[in-house]
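*Asks:* just the structure for this:
(one chain, ligands or ions: 1)
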Amino acid sequence: MRTVLAMVLLLLGGALLGRAVLGADEPAPRAHIAVRGIYGGVPATLMEKGRTLSGEGVNAVWIGERGITKERVAALKAQGAKVFAEFNTVHRAEYLKKHPSAAPVGLDGKRAAAPHGWQGICPTHAEYRTWRMQAFRDLLAQHEIDGVWLDYHHAHASWERAEPALPDTCFCERCLAQFRKETKTRGADSPEAMAAFLAKKESGERKAWIAWRCGVFTDWVREFRAILDATRPKALLGTFHCPWTAEERDGALEAKLAIDLRAQKPYIDVFSPMPYHARFGHARDPAWISRQTAWLGRHLGLQGRPDERTKIWPIVQVSDWGEAVDVAQIPAVLDHGTRAPATGVLVFRWGALRKEPQKVSALTRFYRAIAR
Ligand SMILES: [Zn+2]
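*Replies:* Have a look, this model is predicted:
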């Protein structure tokens, strides 16, 4: 017993000494983290007055597809950073002004309202899909970017909040005809019939619907991959996705959002779950971030080893959105965001952070420390 006690004291003393040497909130280098990124714009203040991105520990930047220019890409690359574009897949709501038939339809047979203003597009609208695929191809052809991350690649819903709104869609004639044809589901010929199927949780029709709808969204990913391989094969294909487990909220990840992560895995290089702890009701529990990432690793069979082709780089919340993130919490958020199976991390989001220099300092301090 005394020996055990002595060992515990020795270990505690060693840990305390280690912390004292490094500084109370100074993390140790994390060799498994290859990417330390910033999402949401060019971090200009980190590139001025003698500062450089590499000097600040930042080696990757994500910019929205419409913000990508040759000048920005060149300026970031000159600083040693990778440049990734974010690409909006089924959330270009302006398309509906001229193409109302692309709007998702609800179980009442009417155009589904946009929950909290998040407007999705019917995933079987062929012209819309062709338009987005061409935009994806052009983006890769015209810019020397290091990859593209899909965004809002899920069914019409509002989930980026503590209490989501997850309506059932899309029951337009086009979707129902395709569902019937591809699954041979008898009787699936009206929103009313679908409502009856979906009301029975274990019905074969409901299972067929969920699987078919996930398949539609996965097939978009397959096509994005084929375009990327043909246009800029060295670029990475990533996806920003809902951080819930497959079991949470009654299986909503697949049943409501139509995100089948395992089916998408062959086409995706980097999964970037979005565990915005404060925004999603876990403001005092940053460990929620690493729990969700750990689940994703188990689900996809990834441990964060260098030889794994598929990577996990979570995007974590350090700026305020709905809920505030205190500057004192930033080291904990980044600690949980950089635990295996994660091999990279990025932060949400520069547009807000640039007005909060204290947070930027906390961020770059952490990035510099783990990069050593
Ligand atoms: Zn539809």
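*Asks:* which parts of the stretch 151-300 of the chain are strands?
*Replies:* Listed in chain order, the strands of the stretch 151-300 of the chain (DSSP state E, counting those that start in this stretch) span 236-241, 270-273.
*Asks:* and the gap between the most centrally placed residue in the chain and residue 213?
*Replies:* In the chain, the residue lying closest to the centroid (CA atoms, centre = their mean) is residue 240, at 2.0 Å. Counting by CB to CB, to the nearest Å, the separation of residue 240 from residue 213 is 20 Å. Every residue, glycine included, has its C-beta placed from N, CA and C.
*Asks:* give me every residue in this protein lying close to the ion.
*Replies:* By CB under 5 Å from the ion, the residues of the chain that approach the ion are 122, 170, 172, 175.
*Asks:* 8 Å - rerun?
*Replies:* Neighbours of the ion within the chain, by CB under 8 Å from the ion: 104-105, 122-125, 169-176.
*Asks:* turn these into a markdown table, including pLDDT and distance to residue 44.
*Replies:* As requested, the residues of the chain next to the ion are arranged in a markdown table below (pLDDT from 0 to 100; distance: CB to CB, whole Å):
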| residue | pLDDT | distance to residue 44 |
| --- | --- | --- |
| 104 | 98 | 38 |
| 105 | 98 | 44 |
| 122 | 98 | 39 |
| 123 | 98 | 37 |
| 124 | 98 | 41 |
| 125 | 98 | 38 |
| 169 | 98 | 40 |
| 170 | 98 | 41 |
| 171 | 98 | 46 |
| 172 | 98 | 44 |
| 173 | 98 | 49 |
| 174 | 98 | 45 |
| 175 | 98 | 44 |
| 176 | 98 | 49 |
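*Asks:* and these, which of them are buried?
*Replies:* 104-105, 122-125, 169-172, 174-176 (16 or more other CB atoms under 10 Å).
*Asks:* possible to save those as TSV with distance to residue 304?
*Replies:* Shown next, in TSV, are those (distance: CB to CB, whole Å):
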residue	distance to residue 304
104	36
105	41
122	37
123	32
124	36
125	38
169	36
170	36
171	40
172	41
174	41
175	38
176	42
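*Asks:* among the residues you listed, which are located in helices?
*Replies:* Among those, the members found in helices (DSSP state H) are 174-176.
*Asks:* and which of the residues you listed is nearest the ion?
*Replies:* Ranked by distance to the ion (CB to the ion), these are led by residue 175 at 3.4 Å.
*Asks:* if I pick the closest one, what's in contact with it?
*Replies:* Residues counted as contacts of residue 175 (CB atoms under 8 Å, 6 or more residues apart in numbering) are 105, 122-124.
*Asks:* tell me who's in contact with residue 192.
*Replies:* Residue 192 touches 107, 109, counting by CB under 8 Å, 6+ apart.
*Asks:* for it, give its distance to residue 339.
*Replies:* For residue 192 relative to residue 339 (CB to CB), the value is 48 Å.
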